[in-house]
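Colleague: Sequence and computational prediction follow.
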Amino acid sequence: MIIAGGGLAGLAAAAALGRAGFEVDLHESRPFLGGRATSFPVSDSELVDNCQHVLLGCCTNLVDFYRRIGVEEKIRWFDRLVFVEPGGRQSVISPSWLPAPFHTAPAFLRADSLSFADKMAIARALLAITASLDLRMTLNVLLEQVTRQLNVDATCILLLNPHMQTLEYSAGRGFQTSVAQTTRIRLGESFAGRAALERHTIQVVEPAQIHQSPHFAALWAGEGFAAYFGVPLIAKGEVKGVLEVFHRSPLAPEPDWLSFLETLGGQAAIAIDNAQLFDNLQRSNVDLTLAYDATIEGWSRALDLRDKETEGHTLRVTEMTERLAKAVGLPVDEFVHIRRGALLHDIGKMGVPDAILLKPGPLTDEEWVVMKKHPVYAHEMLAPIAYLKPALDIPYCHHEKWDGTGYPRGLKGEQVPLAARLFAVVDVWDALRSDRTYRPGWPEEKVVEHIKAASGSHFDPKVAQAFLNVIG
């Protein structure tokens with residue numbers, strides 16, 4: 001069975017806007033992705049034979065492809081092919097490695113001397129090389145296929161260090177000594193450096209050539225090599241490294257052999273570029289997240305500096321809330337929002353006047369009206385910031401109570417977000433233990449009794465008990 005998804009039923013650009021998938025099935029016809037299905041007037045064995053040519057680039061275009069498999073259609077574009085081999089094993093063949101047009105495939109892949117198993121092995125290798133973002137796995141697959149399909153003794157990858165402008169050993173296969181692992185070559189030096197700088201394959205078969213580089217001469221002599229090829233790995237116009245191939249007996253390859261080596265090198269370069277782009281993206285995301293969190297911690301320190309009485313309170317309640325969240329089994333991916341919300345729980349007090357916030361004595365009823373607006377201020381400040389929306393529960397709702405008598409919205413029971421219920425207990429616990437200008441901090445035993453007494457009214461009973469278990 002051949003499956004092609006997203007085919008274009010016409011050549012006009014307008015048809016491209018209405019891409020309709022289609023399926024071609026040997027045994028049945030049925031709708032697929034809004035398209036149609038066509039039955040093949042050929043046997044299984046004929047289809048398998050024809051698909052060998054299709055997968056390995058023997059057809060000049062998809063018209064030729066359909067002619068070979070016995071169906072005259074004029075669909076010129078596809079997303080993927082799924083080839084079902086004898087025995088039922090499926091191979092998803094993506095255009096990411098298929099040449100476009102097909103006739104650009106190296107003749108090496110079309111050689112009759114290759115068995116079908118060898119051709120499929122090559123196809124899978126090309127797919128593996130381009131599909132993975134794991135650079136180590138990609139290089140290992142590449143080197144395995146180079147040594148197996150080209151029948152050479154050893155091969156290695158040197159990656160370019162763009163800061164030092166040097167080629168450095170990254171992966172190797174078939175070496176008997178450790179000399180290759182110490183390779184570090186400046187661009188333009190030795191054969192690999194020349195391949196990278198001049199951007200073409202370098203071939204060494206004459207013994208007189210090896211003395212141009214002491215390191216290369218040591219590797220050559222220690223390993224007993226008699227032939228060398230260095231292929232520059234170039235993606236998007238940038239040199240990524242060099243693929244080196246060694247053999248311990250004289251080697252005079254055919255042009256198709258060199259073509260296939262360079263094809264593998266080209267695919268490896270693309271894979272290396274993809275892996276490096278992905279790694280750089282991950283690093284950028286980590287750096288951005290660290291910058292976000294550092295900014296949040298800076299805001300929380302600014303609040304502590306404004307109110308000397310509560311200095312250190314924010315970090316203490318943040319760490320304890322994280323412990324409590326872990327104890328109640330909150331999903332790990334929510335911890336970051338718990339931490340950010342706890343750090344910013346009093347950010348709304350930025351809108352409360354100093355005369356009220358820093359007042360040494362009890363607040364009047366009018367002053368309490370203003371003070372109770374700080375969760376609303378927090379919501380107004382943080383809600384427009386997309387990455388902080390999941391952290392809003394604590395700043396907005398940590399003064400809500402289990403019995404519905406809290407503020408600012410009078411939420412009751414499980415209407416209060418779980419993160420806010422967790423934080424509420426911790427916030428009160430730390431506040432009561434800390435000294436204030438109008439009262440000294442309470443002893444631990446008195447704080448524990450207060451939490452027990454407020455369980456079911458101020459606090460969620462289950463959360464309160466979990467917190468008491470945590471503090472032991």
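Modeller: Sure thing, it's come through. Not measured: the values here are computed from a predicted model.

Colleague: For the rest of this, base every contact and every neighbour count on C-alpha atoms.
Modeller: Noted.

Colleague: State which helix of this protein is the longest.
Modeller: Determined from DSSP state H, the single longest helix within the chain is helix 255-306.

Colleague: show me where the stretch 101-250 of the chain has helices.
Modeller: Secondary structure of the stretch 101-250 of the chain by DSSP state H, counting those that start in this stretch: the helices cover 107-110, 116-131, 135-149, 190-198, 214-223.

Colleague: repeat for the stretch 351-472 of the chain
Modeller: 354-357, 365-371, 374-382, 393-397, 418-433, 444-454, 461-471.

Colleague: returning to that earlier point: least reliable of the helices of the stretch 101-250 of the chain by average pLDDT, please.
Modeller: The stretch with the lowest mean pLDDT among those is helix 107-110, at a mean of 48.

Colleague: Which elements pack onto the helix or strand just after the longest helix of the chain?
Modeller: Following helix 255-306 in sequence order, the next helix or strand is helix 313-327 (DSSP states H and E). Where contact means 3 or more C-alpha pairs under 8 Å, 6 or more residues apart in numbering; DSSP states H and E, helix 313-327 is packed against helix 255-306, helix 335-343, helix 418-433, helix 461-471.

Colleague: what comes up buried for stretch 288-304?
Modeller: D293, I296, E297, S300, R301, L303, D304 (16 or more other C-alpha atoms under 10 Å).

Colleague: What separation is there between the last one and L343?
Modeller: As defined by C-alpha to C-alpha, to the nearest Å, D304 lies at a distance of 11 Å from L343.

Colleague: what is in contact with the two at once?
Modeller: Jointly contacting D304 and L343 under the rule C-alpha atoms under 8 Å, 6 or more residues apart in numbering are T314.

Colleague: returning to what we had before: as JSON lines, the helices of the stretch 351-472 of the chain with mean pLDDT and distance to L315 would be great.
Modeller: Shown next, in JSON lines, are those (pLDDT from 0 to 100; distance: least, C-alpha to C-alpha, whole Å):
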{"stretch": "helix 354-357", "mean pLDDT": "90", "distance to L315": "20"}
{"stretch": "helix 365-371", "mean pLDDT": "93", "distance to L315": "22"}
{"stretch": "helix 374-382", "mean pLDDT": "95", "distance to L315": "18"}
{"stretch": "helix 393-397", "mean pLDDT": "96", "distance to L315": "14"}
{"stretch": "helix 418-433", "mean pLDDT": "95", "distance to L315": "11"}
{"stretch": "helix 444-454", "mean pLDDT": "94", "distance to L315": "19"}
{"stretch": "helix 461-471", "mean pLDDT": "95", "distance to L315": "17"}
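
Colleague: could you redo those as a markdown table and give each row distance to L233?
Modeller: Converted to a markdown table, the helices of the stretch 351-472 of the chain look like this (distance: least, C-alpha to C-alpha, whole Å):
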| stretch | distance to L233 |
| --- | --- |
| helix 354-357 | 64 |
| helix 365-371 | 65 |
| helix 374-382 | 48 |
| helix 393-397 | 51 |
| helix 418-433 | 51 |
| helix 444-454 | 66 |
| helix 461-471 | 57 |
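
Colleague: among the ones you listed, which is the most enclosed?
Modeller: helix 393-397 (a mean of 28; mean count of other C-alpha atoms under 10 Å).

Colleague: Give me the packing partners of it, helices and strands only.
Modeller: helix 335-343, helix 374-382, helix 418-433.

Colleague: what would those look like in CSV with distance to H247?
Modeller: Listed next are these as CSV, based on distance: least, C-alpha to C-alpha, whole Å:
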stretch, distance to H247
helix 335-343, 54
helix 374-382, 64
helix 418-433, 64
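
Colleague: Give me the below-cutoff pLDDT ranges for this protein.
Modeller: Judged by pLDDT under 70, the chain has its weakly predicted residues at 1-132, 308-311.

Colleague: quick check: domain ranges of it?
Modeller: 1-105, 307-471 (automatic domain parsing).

Colleague: closest one to N140 among the helices and strands packed on helix 393-397?
Modeller: helix 335-343 (36.3 Å; C-alpha to C-alpha).

Colleague: Now find how far off-centre the closest one is within its chain.
Modeller: With C-alpha atoms, centre = their mean, to the nearest Å as the basis, helix 335-343 stands 24 Å off its chain's centre.

Colleague: again with stretch 326-345
Modeller: Centre to centre, stretch against its chain (C-alpha atoms, centre = their mean), the figure for stretch 326-345 is 24 Å.

Colleague: buried set for that stretch?
Modeller: Buried-residue list, stretch 326-345, by 16+ other C-alpha under 10 Å: F335, H337, I338, R339, R340, G341, A342, L343, L344, H345.

Colleague: Those residues into a markdown table, with extra columns for distance to G410?
Modeller: Below are these laid out as a markdown table (distance: C-alpha to C-alpha, whole Å):
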| residue | distance to G410 |
| --- | --- |
| F335 | 26 |
| H337 | 23 |
| I338 | 22 |
| R339 | 24 |
| R340 | 24 |
| G341 | 20 |
| A342 | 20 |
| L343 | 23 |
| L344 | 21 |
| H345 | 18 |
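
Colleague: Just give me the closest of the residues you listed to Q465.
Modeller: Using C-alpha to C-alpha, those come closest to Q465 at I338, 19.4 Å.

Colleague: That closest one touches L388, doesn't it?
Modeller: No. Applying C-alpha atoms under 8 Å, one finds I338 not in contact with L388, separated by 10.6 Å.

Colleague: So which of the helices and strands packed on helix 313-327 is nearest G351?
Modeller: Comparing the helices and strands packed on helix 313-327 by C-alpha to C-alpha, helix 255-306 comes nearest, at 11.3 Å.

Colleague: quick one: that closest one to helix 335-343, angle?
Modeller: Helix 255-306 runs at 20 degrees relative to helix 335-343, counting by axes from the mean of the first three to the mean of the last three C-alpha atoms, to 10 degrees.

Colleague: Which elements pack onto helix 255-306?
Modeller: Helix 255-306 packs on helix 107-110, helix 116-131, helix 135-149, strand 227-235, strand 238-247, helix 313-327, helix 335-343, going by 3+ C-alpha pairs under 8 Å, 6+ apart.

Colleague: could you redo the last one with a cut-off of 7 Å?
Modeller: Packing partners of helix 255-306 (3 or more C-alpha pairs under 7 Å, 6 or more residues apart in numbering; DSSP states H and E): helix 107-110, helix 116-131, strand 227-235, helix 335-343.

Colleague: list the contacts for P232?
Modeller: A195, A196, R199, H200, T201, V239, G241, V242, L243 (C-alpha atoms under 7 Å, 6 or more residues apart in numbering).
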